[in-house]
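>>> the sequence and its predicted three-dimensional model are supplied below.
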Amino acid sequence: MTTSVTSLRRFLLPFLTLAVLLLPMSLHAADGELPEQMSILQTILHGGPLIVMIWIAILGTSITMVTFIIQLFLVLRIEKLAPAALIASIKSTLDAGNYQEAWEICRANKTYLANVLSGALERIGRGKDAVETALIENGLREASILKTQNSYLSVIGVVAPMIGLLGTVIGMMGAFAVLGQSGVSDPRKLALSIGEVLMATASGLFIAIPAFVFYYYFRNRATIVISSADGKLNQLVEDIPFEELGGVRIGESFSVGETAPNLLGGTQSRKVSMALTTNCPVCNGSINAGQNPCPHCGATLDWA
């Protein structure tokens, strides 16, 4: 919570500073004489403090939109969600039966694939169904986090035209005030107020259109890359011998069940042949271990 508040303060500080610098200029521009030709900045400042605040809000939404677009371009990539090097490392570890080490690798790498797989490995001792359920649950959680970032673009697409509309209303109020004071005797001031209205409206739409375009683009892109990462997850766990891992606990409470393989040093076979043979020390005949007396010479054997 404290981190979020600090980030918000850092984000708002430049715009508050800009507002403090421009408001006195807007008051001076509103009271001064109109030059022959006015730049966009002069037109904005001439609108007064309220128009300046609206333009600062429009500037803030535009910068926020560009920031989210760049961030989503960097995040929504299959190389980012499921790096090939990470997949190779986890696969070699799982093939060797080192499931605890695979969990530790996942915990050390904060990616979509690692976050989903680490939760699934913690249920490996409960069977295949439990692992598949964990993959689905963790996948939905991680996917919702990624898609939440994209939803902010939709919010910007809705808010930006409303900010522009607010500037339109304020500008129209100024235009009607000019018309009420001087009638049509000073058409230049009336035209200037109408220009401020059109600029605010156009700016809101200028931000909203690309925000919605990129929102739908990243929504489809997220579906594609998340589905690809889920496919790689299923390939990693499909060869795990779940029937041999009953009772195993992976994660913080790591422990090995009685029937489980050696999870730290790879799988270790426990099969023992029922036909082990040796030789009789008297007649050198082949006998089964523990057999007494020798079936060849009848000697009584002392098995250690």
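Yep, that arrived. If you're wondering where the values come from, they're calculated on a predicted model, not measured in any experiment. Numbering: from 1, shown residues only.

>>> ok, residue 252 to residue 228 distance?
30 Å (CB to CB, to the nearest Å). Where you see a C-beta, it was placed from the backbone N, CA and C, and this is true even at glycine.

>>> no, scratch that, I was asking about residue 87
12 Å.

>>> ok, the two, which is more surrounded?
residue 87 (18 against 13; other CB atoms under 10 Å).

>>> which ones are touching that one?
113, 232, 236 (CB atoms under 8 Å, 6 or more residues apart in numbering).

>>> what about these, which are in helices?
Mapping the contacts of residue 87 onto helices (DSSP state H) picks out 113, 232, 236.

>>> with respect to residue 203, which of the residues you listed is nearest?
Nearest to residue 203 among the ones in helices among the contacts of residue 87: residue 113, at 41.0 Å, using CB to CB.

>>> mind listing what that closest one touches?
81, 82, 83, 86, 87, 229, 232, 233.

>>> which SSE is residue 287 in?
Using DSSP states H and E, residue 287 sits within strand 286-288.

>>> now do the buried residues in that strand.
Buried residues in strand 286-288, defined by neighbour count with 16 or more other CB atoms under 10 Å: residue 287.

>>> which helices and strands sit right next to that strand?
The contact analysis (3 or more CB pairs under 8 Å, 6 or more residues apart in numbering; DSSP states H and E) places strand 286-288 against strand 277-279.

>>> give me the mean pLDDT for the strand it packs on.
In this model, strand 277-279 has a mean pLDDT of 66.

>>> same check on stretch 160-172?
Stretch 160-172 comes out at a mean pLDDT of 84.

>>> repeat for stretch 202-216
Mean predicted lDDT for stretch 202-216 stands at 92.

>>> who touches it?
Residues contacting stretch 202-216 (CB under 8 Å, 6+ apart): 55, 58, 61-62, 65, 69, 72, 150-151, 153-154, 156-158, 160-165, 167.

>>> so which residues of the stretch 1-150 of the chain form strands?
Counting by DSSP state E, counting those that start in this stretch, the stretch 1-150 of the chain has no strands to list.

>>> where does the stretch 101-250 of the chain dip in pLDDT?
Applying pLDDT under 70 to the stretch 101-250 of the chain picks out residues 174-175, 178, 180-193.

>>> ranges for the helices of it?
112-121, 128-182, 187-237 (DSSP state H, counting those that start in this stretch).

>>> circling back to that earlier point, could you flag which of the contacts of residue 113 are buried?
Buried by 16+ other CB under 10 Å: 81, 82, 83, 86, 87, 229, 232, 233, out of those.

>>> farthest-apart pair in those residues, please.
Distances among the buried ones among the contacts of residue 113 were taken as CB to CB; the most separated pair is 83 and 233, at 13.1 Å.
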